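*Asks:* Predicted model and sequence below, questions to follow.
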Amino acid sequence: MRAAALVGLAVLALAGCGTGGLTSEGADVPDGKLLFTQNCGSCHTLREAGTEGSTQNPIGAPNLDDAFAGARMEGFDQSAIEEVVRHQIEYAADPMPRDLVTGADADAVAAYVAAVAANPEAEVALPPGAGGNDPKLLFGSNCGSCHVLAAADTKGTVGPNLDQVKPDQQTARRQIENGGGGMPAFKGQLTDEQIQALAKYVAESTRG
């Protein structure tokens, strides 16, 4: 249902209904990739970002490559796709959280998604220093849209607030590996080293 709703909105906006001129020139596309991965990737699938959110998210968020494939095939301008994405961020409807990114950050995410969605040739490098095994990045891309964690700058509203729960490392690792309570199991999705890094990061970030 959520995917169909987004596709419907995209069709209307791209057909000329408009979204209030929310596109932005000069947006930082590499930064948009990092922000997308941190804030959106655990719910949305996007090939270029390496995220597979639609296979594990609890809110039915759409696969963005699928959502914009038709628009891409029809030859719509990249700016039109950016406008649709920016509108979705600016006027998020439940169950999508509001204010995940704002201002220039939202512009960057919209520009990034518009550049790569349903574009099999697109490649965008992360900003310098944003390594793929960084625990903050791992948390953002796999957990951040569901959980609040101040250290990771995430504001998820689906799962528990980890700053309040304060799990120890063993508890965090067990939950990440096995899931439960609506949370997917990440064993097999992430490597043992990544799971260990995430568990340590969560424990140390919330318990001092």
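*Replies:* Great, that's in hand.
*Asks:* Point to the residue nearest the middle of the chain.
*Replies:* Cys40 (1.2 Å; C-alpha atoms, centre = their mean).
*Asks:* What's the local residue count around Ala108?
*Replies:* 23 (other C-beta atoms under 10 Å). Placement of C-beta: from N, CA and C, glycine included.
*Asks:* Let me see the ranges of the strands in this structure.
*Replies:* Secondary structure of the chain (DSSP state E): strands at 45-46, 51-52, 148-149, 154-155.
*Asks:* Select, out of those, the one closest to Asp107.
*Replies:* strand 45-46 (17.3 Å; C-beta to C-beta).
*Asks:* just to revisit the earlier point, could you verify my assumption that the residue nearest to the centre of the chain touches Gly53?
*Replies:* Yes. Assessed by C-beta atoms under 8 Å, Cys40 is found in contact with Gly53 at 7.5 Å.
*Asks:* just to revisit the earlier point, please name the nearest non-neighbouring residue to the residue nearest to the centre of the chain.
*Replies:* Once flanking residues are discounted, Cys40 sits nearest to Ser145: 6.2 Å by C-beta to C-beta, 6 or more residues apart in numbering.
*Asks:* my read: that neighbour touches Thr51, true?
*Replies:* No. Between Ser145 and Thr51 there is no contact under C-beta under 8 Å: 10.2 Å.
*Asks:* Would you mark the buried spots in stretch 185-201?
*Replies:* Applying a neighbour-count criterion of 16 or more other C-beta atoms under 10 Å, one finds 186, 189-190, 194-199, 201 buried in stretch 185-201.
*Asks:* from these, which is closest to Lys136?
*Replies:* Nearest to Lys136 among these: Tyr201, at 6.9 Å, using C-beta to C-beta.
*Asks:* how near is that closest one to Leu137?
*Replies:* 10 Å (C-beta to C-beta, to the nearest Å).
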